[in-house]
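>>> Give me coordinates for this.
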Amino acid sequence: MNDQALNDCIQACLDCTTACETCVDCCLGDAAMSDCLRHCLDCAEVCQACARVMARKSPMSKKWCALCAEICEACAAECEKHDKEACQRCTEACRRCAEACHKMAA
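Predicted structure coming up:
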């Protein structure tokens, strides 16, 4: 694992966690946003855990990154359906994180 790529992926995961949590806050209380809310909650959890696993250079990092990329892609697909600014920022952060995690999982 290249240290710069590792640090970039950790940062992408942390940025995605923040974007997802912001989107969760935006979606709370809106029944029409329940799928978006669920995806963002799952994504924030896996991104945070993935960042921690990578930070300690776990031998399981590649598997975590593969899972994280899959969940980020699902979250991006859901968030892009909505016009809310928080959803659009989340979509972008999820795509960046998925890309970084795919690289780390390879």
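>>> Low-confidence ranges, the chain, go.
Low-confidence segments of the chain (pLDDT under 70): 1.
>>> Can you give the contact residues for the helix ranked longest in it?
For the chain, the longest helix by residue count, based on DSSP state H, is helix 3-27. Outside helix 3-27, the residues that touch it by Cβ atoms under 8 Å, 6 or more residues apart in numbering are 33-34, 36-37, 40-41, 43-44, 47-48, 50-51, 54-55, 57, 65, 68, 72, 75, 79, 84-87, 89-90, 92-94, 96-97, 99-101, 103-104. All C-beta atoms are positioned from the backbone trio N, CA, C, and that covers glycine.
>>> out of those, which are buried?
With burial judged by 16 or more other Cβ atoms under 10 Å, the buried subset of the contacts of helix 3-27 is 33, 36-37, 40-41, 43-44, 47-48, 50-51, 54, 65, 68, 72, 75, 79, 86-87, 89-90, 93-94, 96-97, 100-101, 104.
>>> Quick check: helices, which of the residues you listed are part of them?
Short answer: these in helices (DSSP H) are 36-37, 40-41, 43-44, 47-48, 50-51, 54, 65, 68, 72, 75, 79, 86-87, 89-90, 93-94, 96-97, 100-101, 104.
>>> tell me the angle the longest helix of the chain makes with helix 34-55.
Interaxial angle of helix 3-27 relative to helix 34-55 (axes from the mean of the first three to the mean of the last three Cα atoms, to 10 degrees): 150 degrees.
>>> Now do helix 3-27: distance to the chain's middle.
Centroid displacement of helix 3-27 relative to its chain, using Cα atoms, centre = their mean, to the nearest Å, is 6 Å.
>>> what angle do it and helix 85-105 make?
Using the same axes, to 10 degrees: helix 3-27 against helix 85-105 is 150 degrees.
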